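Student: Mind folding the following:
(chains A and B)
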Amino acid sequence: MLLLHLLISSTLITVYGQGRKVTGTVADAISGEAMPGVNLVIKGTTNGTTTDANGAFSIMLKDEDNALIVSFIGYKTQEVALSPGQTTLGIKLEADVTALQEVVVVGFGTQQKSHLTGAVASTNMDNFIKVPTGDALNALQGQVAGVSVANATGAPGAAPVVQIRGLGTINGSSPLYVIDGIPSEPSYLNPAEIESISVLKDASAATIYGARGSNGVILITTKRGKSGKPQITINSFVAANDVNLNGVEAVNKAQKNAIMQNAYNNAGLTPPTWAMDNSQFADTRWADAYFKTGFEQKHDLSIAGGTDDVTYSFAGGYYSNNGTVINTGLNRYNSRLNLDFKNLLHDHLKFNLGVSFVRKDLKNFSEALGQGNADFSPIMSLYTALPHKEIYDPTSPNGFAGQDPLLGVVGAGNPVGSQTLQNNKNQDDYIQLNWGADLKLLPWLTYQFKLGVNSENTYNDTFLPAYNFGPGATVETPRTWQERGRTNSSIFNNLLNIKKEFNDHSIAVLLGQSSERYATRSVGGSNLEQPSSLVPALDAGIGTRNAYGGIVENRLLSFFGRASYSYANKYFLEGSVRKDGSTRFGPANRWGTFYAVSGGWAIHRERFFNIDFISELKPRFSYGVVGNQSIGDYKYQSLITVGSSDPDYPSAVNYPFGTSRPQTVATGASALGIGTPDIKWEQTTTSNIGLDLGLVENKLTFTIDYYQSKTEGMLVERRPPGSAGIQKAPTTNAGNLENKGLEVTATYRNEAGAFKYSISGNVGTSKNKVTRLGYEGQEFIDGYVEYNNYATTRTAVGTQVGEFYLKEVAGIFQTQQEVDAYKGKDGELLQPNAAPGDFKFVDINNDGVINDKDKRSFGSGLPKASFGLTFNASWKNFDFTLMFNGTAGNKMYNAFKMEMYRLNASPDLLNSWTPSNTSSDIPRLNYTDPNSNYTTASNYFLENASYVRLRNLQIGYTLPVQLAESIGLTRLRVFAGGYNLFTITNYTGFDPGLSNTGKFSRGVDKGFYPISRSLVAGITIGL
Amino acid sequence: MKTKYTLAMLAILFMASSCSDYLEVPNKGNLTNDSFWQTEQHVQQGLTAAYSALASWDGSKWTFFEEVFLGMVIRTDEVSNNASSGYAGKLASFTNTADETTASNNWLTRYAGIARANQVIQNTPNVPGLTDELKKAYIGEAKFLRALNYFYLVCSFEKVPMVTVFETDFEKLIPSQAATSEIWALIESDLKEAEATVPATQAEAWTGRATKWSAKALLGKAYLFQEKWSDAAAKFKEVVEQGPYSLLPNYADNFNGVGENGVESVFEIQFSGDRNGGVDKRQPINWEITPAALDGWELFSASDWILDEMKTDLTAGNAYSDRVYESLFFDDPNSTIRRPTETDPIPYADVKGSLTFPQYFKKYNAWTDKQGDYVGTNVSLIRYADVLLMYAEALNENGNTADAIDAINTVRARANAKPLDNTFTKETLRTQIRHHERPCELSMEYGIRWMDLYRWSKGSTATESMKTTLTTHGKVFAGNFVEGKHEISPIPASEISLNKNLVQNDKW
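Tutor: Numbers count the residues shown, from 1 in each chain, chains lettered A, B, ... in the order given. This next block holds a predicted model:
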């Protein structure tokens, strides 16, 4: 029936014939300038033309044609009526402010940006794609207000710490990543595949993701094809990377000897003989052999195009970064195909599919295995290894020098040797498949289904050949570990979309259902004795064969809905609700309901509003409740740990018995934790007040949001008192947290002749406060430094999460009189072990003794504000980008420095306090450190880690179109620049931008692998 | 047609949502409290886990030695600490604060053992298919372990919470401290139950588990620590006269694995080189106390005082006794030690020039079970020589000095030390036991010296403060020792931050 109808109408159109020619021009209604490239289509047909460079057109019309549809991007589409016989037209097009606004991807759909009522930020993809990195999340750094991206380490392939609006919880605080509608793992994503990134920041935007929305949602859409000829694009860049050590130096031999002699002499000890003669031993610079110039390259090919019925987009990419540390590196291969079938079932059905395969080959940068309880980054070993030791020894079987007997136990270890010889590789594959269909049931009713299947296959291969670099750095027998993991996830969505417009009313309703399941299975084997360093295969192992593996499953079942209403594009209201059922909670608390309401008012569209320079003024408000369930599985159950099944405590319950040699280890079993059957959803209630402001025809725009959130029942792994005798911290709804902040994004665009430029800045602040935590009066102590001996942070009611809590140093005792005069309230000496040159610690609680109660808060590792600033300019065929990002108000505990000082390994110590160098703030050298200057967690090692970094600098040149076409290209751009070129900071450690991944130890710097400074060159070719 | 679409779509929606059991996901990785405690094997596994906590709460060999063991030996007069070692440095110099880690690891280790023992005690009665006798034996054994842990707790911290039930309600995990006398009462009652119910021997495959005799010996020790001299003497007499123990002919075999769980063994922490299943139950003493000149880490060394005292432990021929040579590595032509990886004895003279310290301990330096870097040698908590010396002490305090000397001479004879004569009074023998016999026989052994110094400084027979003892014996940092403070450990700061019902010990 429908088909017949279509057939008849098309036949009708082609049958009739007589025509006339109409000519005319199209111009801007305000400026009167001619407009080239404007589309004109005869109403009711697909026939049409476009205006030429002078805005002129001519078109053949049939007699019955009575109107032209004239359209141009950024202008209101106009229907121009044709009176019979009319042959010339002068058309004026009006700019459409609404249409200038982009469409924004929101949860389960899209929305015009001008209709938004929640805090949704879309990323400027022009800026995003210019960041020369292989990691999509890294490219997001500094781009969006309130989104903080901090590297945990500079190692290739390391995932950054992403937080939206600071810390809203002390539970898992990463946002939910949704790629093409499917919750997915972002680390595999190739930035070149991305079409758009939306960040859902407040409850109203995120509620539609309910249980996982409270830390915000990052929606990523990949590129899809458009009908037309194939567009082939090649993007490449290469970069040379050098690690940025921020001037931190290791001691050389003479310096080390001088420091050791003084430290020993001051302690009344005889210095070791190796430190007495500068002419003996080597003078090695370990860092020179450990770091190298890394080479990074990324090459992407995309082919997109299609017909009216089928469009395609293919993206293939290769990314490689061989690291700035020897024997590290990442190779990644990406491939994605997106297909869209349209006009199926007489234009009632659209079908789309996406297939992506990614392989990641990673040489892990890991703690040097086979050593003791090293608590610092392996970088530390470079700085503490004696310069007296040789790196290489041609006579040793592996080429590296072992322990030098003349140096004794301090001569053990060879950080370059162990980093070179160890083999810790991952080969991970990620497959994403998604199918979607849109079925138009009624003109106002669409059914959508979406099926996503992701499969992550990980393979770790760790092999240590035998080596002997002395005590604590010896692998006696070659050993192998191999482990495979597979995480399958599937998600099935059913959506009903209702869209209805009448008069000025516009209504959109979404009803949906989703079921998700995740299953991780892993299997691994190890052997601590391989027959040779050449044979890592487990089959060849001659020691005891060990096998292990695990199974973890979880599911989520959800129902959700959203209703949006707008009137006359002026008044906007939206409400959404989601009900989630999760296997992570016990049957009684399985289901949670989340909701949000929001509204907006486009005041600038009101008749009464006539302030000319304000082109947009739209206040917004939202309020809602979202949830968080990022805890492990089965936490509500009381589990028994049998044998070595718990990877955290493989040896905690087994025990040897019997008379054999060696004794047989019997399997033990015990509850190492307790289940918490009453745990339920963590809930965050967020209020958001926002304002969209445009000035001077939107040349200057502002987006301002202020938010306040209260998180209740934070799901926290909560350490019980040791008297409970359990090792595994149970998860409970242990606390409440408040978080608030302000976000401002401002963009200014202008042009002067051929010079066009824009400046865009964003800043986000956040401040959290714990309002309830565990048992009354309970404190979470964390941020341990130096072999877990000294805590640096405290979290308690009234504090921020992970606030630094330290002893206070009030300078250096200059004289023995000062030491003797430093007395408590009862006249007792406060620091009996101190001598001139030692730290004076403050008796904070004034109780007459200096002990662990004399600590106070010194701020937090979480920035008060993080910001980004991008300047873009173009002049004729040149373009220029400058991007800064940074943080303000964050502290860092320089545990690396503390350890360097403790081990007499820093050249700073040459300037330490002496009776003749009394102006130094570095305490006196003393090998036994009786005043514990270097083994006290004090504010001396806490530093301001605010910074501004030139994240990206790029200059590009695009070949003029005619020239490009003359060599068969549609586009050719070359660019060069630098990435992380410089950082302005007072921080004296490696990198103020690195963030410890622990929530309670953020800002505790253990000398992590710093990020690199890169010189970049690249090319974009369009074919 | 449209109706069909709509119906089909609704059917899909309905199908997807109607699976009411969609959220029922079985846990395929773990047994739970409900599915465990069903068989005798489960009880044995539960008990095994309780034994496992003897070494360390987390199963780590580092926690065992560098925290628990080190925390007990480093403060004694036998030990000279290594100033350049970061391990327990503040403890060694009596400048430790409540956040020092050996105290918290000691605390965690004892309570881990108590929690696991409590699980056995409360779940075993409900396990089907076990005779009452068997149930009582398992429960008694768990109570032995519980008592042992409370013994170390009360001697280390004095005022500790008395946890006798494995509590699964998180909100109830914040106990207050019990009186010291309550803890001692629990120790006694647990051990009395154990001596009545635990068998006198365990099956060979279970060698290393406690017996009724281990319980009696520990009960005697508990009496001794409370100065219940006659109870102690009676209990030790029972062990000496009726028990299965005797002294190993060779003193050294107590520390090299040869005498492991042998005739002298009353109770030991079991270690093993068996790496099956990725488990590591080895211990690292071979590295930890060996001189750096021989690749060791020399976390501490032997004090001048212990060497001087040992040098008075002579054979009939006025040579040094066996226990001098087997306890210390010192400047003597007959003194040898091994590298941590090699079996050849190395004479003192060979390395004399490169040693950091003049003398070292050498107990546990030799091994019979070594896998990879570390060894599977058991570490003795109570051995028969200790029982004899404690027996002697109880007898002497009870006024029976002559029999006390006999017991001491039994121990001396095995090490070829010449017998004590009969010129001792109660008081002089007390000093002989305290500052010669026990340290010379038991030097550096698991917490023995520190616990001894603690009780001798507190009780009615105390002759001097611990500070005085340490000062007299030349302990380097004795000047920092604060009386009434450093005899015990502070309640760990981490524990107080989690449990506001706890009161910190005086002066901490």
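Student: And whatever residue of chain A ends up closest to chain B, what's its pLDDT?
Tutor: Nearest residue of chain A to chain B (C-beta to the nearest C-beta) works out as A:Gly725 at 2.4 Å. For every residue, glycine as well, the C-beta is placed using N, CA and C. For A:Gly725, the model assigns a pLDDT of 95.
Student: What of A:Gln86?
Tutor: Residue-level confidence at A:Gln86 comes out at 79, pLDDT.
Student: Apart from its chain neighbours, what residue comes closest to the residue of chain A closest to chain B?
Tutor: Among residues not flanking A:Gly725 along the chain, B:Ala115 sits closest, at 2.4 Å (C-beta to C-beta, 6 or more residues apart in numbering or on different chains).
Student: So that neighbour belongs to a helix, correct?
Tutor: Yes. B:Ala115: assigned to a helix according to DSSP: H, G, I helix; E, B strand; the rest coil.
Student: give me every residue that touches A:Pro907.
Tutor: A:Pro907 makes contact with A:249-252, A:255, according to C-beta atoms under 8 Å, 6 or more residues apart in numbering or on different chains.
Student: State the distance from it to B:Asn378.
Tutor: 47 Å (C-beta to C-beta, to the nearest Å).
Student: Also B:Ala137?
Tutor: 23 Å.
Student: go on, B:Ala349?
Tutor: 32 Å.
Student: Show me which of the two is the more surrounded one.
Tutor: Set B:Ala349 next to B:Asn378 and count neighbours by other C-beta atoms under 10 Å in any protein chain shown: B:Asn378 wins out with 26 against 12.
Student: Isn't the more buried one up against B:Phe271?
Tutor: Yes. Between B:Asn378 and B:Phe271 there is a contact under C-beta atoms under 8 Å: 5.7 Å.
Student: quick one, what contacts the residue lying closest to A:Lys897 once chain neighbours are set aside?
Tutor: Spatially, and ignoring its direct neighbours in sequence, A:Lys897 is nearest to A:Phe941 (5.9 Å; C-beta to C-beta, 6+ apart). Contacts for A:Phe941 (C-beta under 8 Å, 6+ apart) come out as A:893-895, A:897-898.
Student: So which of the residues you listed belong to strands?
Tutor: A:893-894 (DSSP state E).
Student: Of the contacts of A:Phe941, which is the most crowded?
Tutor: Neighbour-wise, the contacts of A:Phe941 (other C-beta under 10 Å) top out at A:Tyr893, 31 neighbours.
Student: For chain B, which segments count as strands?
Tutor: Going by DSSP E, chain B shows strands at B:31-32, B:79-81, B:265-269, B:300-302, B:328-329, B:336-337, B:346-347, B:360-361, B:370-371, B:374-375, B:379-383.
Student: contacting residues around the last one?
Tutor: In this case it means strand B:379-383. B:54, B:69, B:148, B:214, B:217-218, B:221, B:254-255, B:264-269, B:271, B:283, B:285, B:364, B:445-446.
Student: Name the pair among the contacts of A:Phe941 with the greatest separation in space.
Tutor: A:Tyr893 and A:Lys897 (9.3 Å; C-beta to C-beta).
Student: For the stretch 1-150 of chain B, which residue gets nearest to chain A?
Tutor: Taking C-beta to the nearest C-beta, the stretch 1-150 of chain B has B:Ala115 as its residue nearest chain A, at 2.4 Å.
Student: Could you measure from that residue over to A:Lys425?
Tutor: 40 Å.
Student: Show me which of these two is the more surrounded one.
Tutor: Shown here are B:Ala115 and A:Lys425; by other C-beta under 10 Å, B:Ala115 has more neighbours (29 against 15).
Student: Now do the more buried one against A:Gly673, distance only.
Tutor: From B:Ala115 to A:Gly673 the distance is 10 Å (C-beta to C-beta).
Student: Now the common contact residues for those two.
Tutor: Common neighbours of B:Ala115 and A:Gly673, using C-beta under 8 Å, 6+ apart, are A:Ile726.
Student: Outside of stretch B:406-425 itself, list whatever touches it.
Tutor: Counting by C-beta under 8 Å, 6+ apart, B:240, B:247-249, B:251, B:313-316, B:321-323, B:385, B:388-389, B:391-392, B:395, B:401-402, B:405, B:429, B:432-433, B:437, B:440-441 sit against stretch B:406-425.
Student: Give me the buried entries from those.
Tutor: Buried members of those, scored by 16 or more other C-beta atoms under 10 Å in any protein chain shown, are B:240, B:247-248, B:251, B:313, B:321-323, B:385, B:388-389, B:391-392, B:395, B:401, B:405, B:429, B:432-433, B:437, B:440-441.
Student: Out of these, which are close to chain A?
Tutor: Contacts with chain A are made by none of the buried ones among the contacts of stretch B:406-425, judged by C-beta under 8 Å from any C-beta of the partner chain.
Student: Which of those fall in helices?
Tutor: Among those, the ones falling in helices (DSSP state H) are B:240, B:322-323, B:385, B:388-389, B:391-392, B:395, B:401, B:405, B:429, B:432, B:440-441.
Student: Touching, B:Lys28 and A:Arg521? I think so.
Tutor: No. Taking contacts as C-beta under 8 Å, B:Lys28 lies outside contact range of A:Arg521: 9.2 Å.
Student: who does the most centrally placed residue in chain A bridge with?
Tutor: Nearest to the geometric centre of chain A sits A:Val162, at 3.6 Å (C-alpha atoms, centre = their mean). In this entry, A:Val162 is beta-bridged to A:Val149, by DSSP bridges.
Student: My guess is it contacts A:Ala152. True?
Tutor: No. Look at A:Val162 against A:Ala152 with C-beta under 8 Å: they stay out of range, at 10.6 Å.
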